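Chemist: A structural model of the following input is requested.
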Amino acid sequence: MKSLLKALFISVALMACSEAAIACKRIVLTRLTFVENAIDLDATQLEKLAVFINAANEAYARYSEVTIEGTASVRTPGQTLSEARQTAKLRAANVARAYQQLQPNKIKLTTLSEIYAENGDFVYVQFHIDYDALKLPDCNPVPIDPRH
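Modeler: Numbering: from 1, shown residues only. Below is the predicted model of the structure:
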């Protein structure tokens, strides 16, 4: 998928439509909102990222990957399509640098960037829980027939 956000919406839609959906899979995700054309994190964003990382590390002992996706709006006045792409990439890179300084655990890191027609001044940070390594219980077990 090109976009973490698109993947998130598709996975939610699939889960809602599927009888076999795993109801207890959790998404560990936060969104940092940027001012139009801004690429650097401010103190509030850094604090939010630090709190999120600590909470994620306390919630689960192991993650398979962390994805950071920078976004930008192509409808920002005075900004070309190329500049919007660059803004999205720089946002992702700057959040990734801050993440690496704040994260005490070594986890595979992937950065992505995406542009949107409007409302795209965000960076999404998602921790992907390592369900296999954590040996988490089956969230959707096959019911046991009491007659057998």
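
Chemist: lowest confidence element among the helices and strands of the chain?
Modeler: helix 4-17 (a mean of 41; mean pLDDT, DSSP states H and E).

Chemist: So which elements touch the helix or strand just after that one?
Modeler: Next along the chain after helix 4-17, taking DSSP states H and E as the criterion, comes strand 28-33. Here strand 28-33 touches helix 43-59, strand 122-129, going by 3 or more CB pairs under 8 Å, 6 or more residues apart in numbering; DSSP states H and E. The way it works is simple: take the backbone N, C-alpha and C, and place the C-beta from them, glycine included.

Chemist: just those: most buried one?
Modeler: strand 122-129 (a mean of 22; mean count of other CB atoms under 10 Å).

Chemist: any residues touching that strand, and which ones?
Modeler: 4-5, 8, 25-34, 49, 52, 56, 60, 62-71, 91-92, 95, 99, 107, 136 (CB atoms under 8 Å, 6 or more residues apart in numbering).

Chemist: on that earlier part again, so for residue 86, which of the helices and strands packed on strand 28-33 sits nearest?
Modeler: strand 122-129 (14.3 Å; CB to CB).

Chemist: ok, and what's touching stretch 45-53?
Modeler: Taking CB under 8 Å, 6+ apart as the rule, stretch 45-53 contacts 30, 32, 33, 34, 41, 95, 98, 99, 102, 103, 125.

Chemist: could those residues be laid out in JSON lines, adding pLDDT?
Modeler: JSON lines is the format used below for the contacts of stretch 45-53 (pLDDT from 0 to 100):
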{"residue": "30", "pLDDT": "97"}
{"residue": "32", "pLDDT": "97"}
{"residue": "33", "pLDDT": "96"}
{"residue": "34", "pLDDT": "95"}
{"residue": "41", "pLDDT": "97"}
{"residue": "95", "pLDDT": "98"}
{"residue": "98", "pLDDT": "97"}
{"residue": "99", "pLDDT": "97"}
{"residue": "102", "pLDDT": "95"}
{"residue": "103", "pLDDT": "92"}
{"residue": "125", "pLDDT": "97"}
